[in-house]
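> Provided below for reference: sequence and predicted model.
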Amino acid sequence: MPRAAALISHGGIGTVAQGLAAGIPQLAVPMSHDQPDNAARLKKLGVGDWLAPGDVSGAAVAERLAALLDSAAVRARCRELAGRIDFDEALSAAIQAIEAVAPHNTG
């Protein structure tokens, strides 16, 4: 993703996280489950936008992508949030939290 200018996805949390880490604008087309909430959060965070599945067309996608790619504010916000994401640190913190409530048996 680091070479991509933008990301278009369904808005699943894994894909959204990878896009945030890459520091690129995102356009989500949420279908179900957590995707609508994730799409709304991208917009609220200032790093993306979303389209309802029924509103997807070449023109609509091109319009939303152009707005995202042409925005200095979106680029700046993407860079800011990307600098705050550290997957290795997050994994370490998760392991520590799990071990704090369920220490492994060593004997």
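Here it is on my side, so go on. Owing to the predicted nature of the structure, the values given are computational and were not obtained by experimental measurement.
> The helix or strand containing residue 15: how far from the chain's middle?
Using DSSP states H and E, residue 15 sits within helix 13-22. Offset of helix 13-22 from its chain centre (CA atoms, centre = their mean, to the nearest Å): 4 Å.
> C-terminal to that helix, what's the next element?
Downstream of helix 13-22 (by DSSP H and E), the next one is strand 26-28.
> Pull up the pairing partners for that following strand, direction included.
Strand 26-28 has its sheet partners listed here by DSSP bridges as strand 7-9 (parallel), strand 48-50 (parallel).
> Name the stretch among those strands that sits most buried.
strand 48-50 (a mean of 23; mean count of other CB atoms under 10 Å). All C-beta atoms are positioned from the backbone trio N, CA, C, and that covers glycine.
> centroid residue for this protein?
residue 16 (2.5 Å; CA atoms, centre = their mean).
> For the nearest residue to that one once chain neighbours are set aside, give its distance to residue 44.
What sits nearest to residue 16 in space, not counting adjacent residues and going by CB to CB, 6 or more residues apart in numbering, is residue 38, at 5.1 Å. Distance check for residue 38 against residue 44: by CB to CB, to the nearest Å, it reads 11 Å.
> Many thanks, have a good one.
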